[in-house]
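>>> structure of the sequence below:
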Amino acid sequence: MPKSKISKFGVWLLAFSLVSLTSFLVGAQQVPFFVIVHPDNDAEMLSRQTVSDIFLKKTTKWADNLPAEPVDLSSDSAIREAFSIEVHNRSTANIKSHWQKQIFSGAQSPPLEVAAEEEAVAFVRQHRGAIAYVSTSASFDDVKIIPLVNPPVVIKKVAPSYSQRALRFRVEGDVVLRLQITEEGKVEHVTVLKGLKYGLTEEAVRAVKKWRFEPATSSGMAVSADIDVTVNFCL
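Sure, this is the predicted structure:
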């Protein structure tokens, strides 16, 4: 696709906007790095836990089943240390030790490691499933910055009722639901990921619609976000 032409004023305005965005996000998140993905990646925001799971290969695919390809900076990078502390809540040395154990046991290999931020950006630009982190001063041409989100936190729960049929047959188990939480902390949509018989799924859905949350936040602002919850039925 041919690139549209931009005047000198437009280039200056674009640069100024990017600097302003960078300052705003860094000031809000207090981190010296940005997480980046390929521009065709559908993700618009990610929680720290999700990013950690991708880099530790606990999560290996994106929502559309595209394989996730994380890219680490070298272990002596100050940006990697900041990323490790902020996202994994562990030092780079601790993460390296984790991967040495994984390699020794034959379980998994660590993410691709590159020496320079330019290599990380280039890899993300060329691979649709890639994800990396770079300093806020890096070049972001043809990649997408993904804000880190603090997930919703439940502040009010309503216990589900047992249906008469479930009581009669003494059914127990878990119902797993995906909730869309609004900026106001209300449950807007419910998707059933795992259900139970005899009306227990419906009872679980009815209950969680009354739950209330502290909404997810990104860069200090409330945002809509999805969260998976498990509703337990036990007699």
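
>>> in the chain, which spans are strands?
For the chain, the strands defined by DSSP state E occupy 33-37, 46-47, 69-73, 112-114, 130-135, 144-146, 148-150, 153-156, 173-181, 187-194, 212-214, 216-218, 221-223, 225-233.

>>> tell me which of the ones you listed sits nearest to residue 162.
Among those, the nearest to residue 162 by Cβ to Cβ is strand 225-233 (6.8 Å). Every C-beta, even on glycine, is put in place using the N, C-alpha and C of the backbone.

>>> given that closest one, what are its sheet partners and their directions?
Sheet pairing of strand 225-233 (DSSP bridges) gives strand 173-181 (antiparallel).

>>> ok, which stretches of this structure are helices?
For the chain, the helices defined by DSSP state H occupy 8-29, 48-55, 78-83, 92-105, 117-126, 164-168, 200-208.

>>> could I get those helices as TSV with distance to residue 154 and mean pLDDT?
What follows is those, written out as TSV (distance: least, Cβ to Cβ, whole Å; pLDDT from 0 to 100):
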stretch	distance to residue 154	mean pLDDT
helix 8-29	23	34
helix 48-55	16	94
helix 78-83	28	96
helix 92-105	30	94
helix 117-126	34	97
helix 164-168	24	94
helix 200-208	9	97
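
>>> what's the domain layout of the chain?
30-149, 151-233 (automatic domain parsing).

>>> now those domains as JSON lines including mean neighbour count?
Shown next, in JSON lines, are the domains of the chain (neighbours: other Cβ atoms under 10 Å):
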{"stretch": "domain 30-149", "mean neighbour count": "17"}
{"stretch": "domain 151-233", "mean neighbour count": "16"}
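
>>> center of this protein - which residue?
With distances taken as Cα atoms, centre = their mean, the residue of the chain nearest its centroid is residue 46 (2.5 Å).

>>> confidence score at that one?
At residue 46, the pLDDT value in this model is 90.

>>> run through the bridge partners of it.
As for beta bridges, residue 46 partners with residue 148 under DSSP bridges.

>>> and the helices of the chain: which comes nearest residue 156?
Nearest to residue 156 among these is helix 200-208 (10.9 Å), distances taken as Cβ to Cβ.

>>> show me what the closest one is packed against.
Applying 3 or more Cβ pairs under 8 Å, 6 or more residues apart in numbering; DSSP states H and E, we find helix 200-208 packed against strand 173-181, strand 187-194, strand 225-233.

>>> tell me the contacts of the residue nearest to residue 171 when sequence neighbours are not counted?
Leaving aside its chain neighbours, residue 171 sits nearest to residue 198 (5.5 Å; criterion: Cβ to Cβ, 6 or more residues apart in numbering). Residues near residue 198 by Cβ atoms under 8 Å, 6 or more residues apart in numbering: 163, 165-166, 169, 171.

>>> what of residue 89?
With contact taken as Cβ under 8 Å, 6+ apart, residue 89 is in contact with residue 52.

>>> now it: how far from residue 128?
29 Å (Cβ to Cβ, to the nearest Å).

>>> before we move on, what about residue 189?
According to Cβ to Cβ, residue 189 stands 27 Å off from residue 128.

>>> again with residue 186
Look at residue 186 and residue 128: by Cβ to Cβ, they are 34 Å apart.

>>> kindly report the same for residue 90.
Going from residue 90 to residue 128 by Cβ to Cβ gives 29 Å.

>>> pLDDT score for the nearest residue to residue 128 once chain neighbours are set aside?
Nearest non-adjacent residue to residue 128, counting by Cβ to Cβ, 6+ apart: residue 38, 4.6 Å away. Predicted confidence (pLDDT) for residue 38: 97.

>>> so residue 38 touches residue 144, yeah?
Yes. If you go by Cβ atoms under 8 Å, residue 38 and residue 144 touch, sitting 7.0 Å apart.
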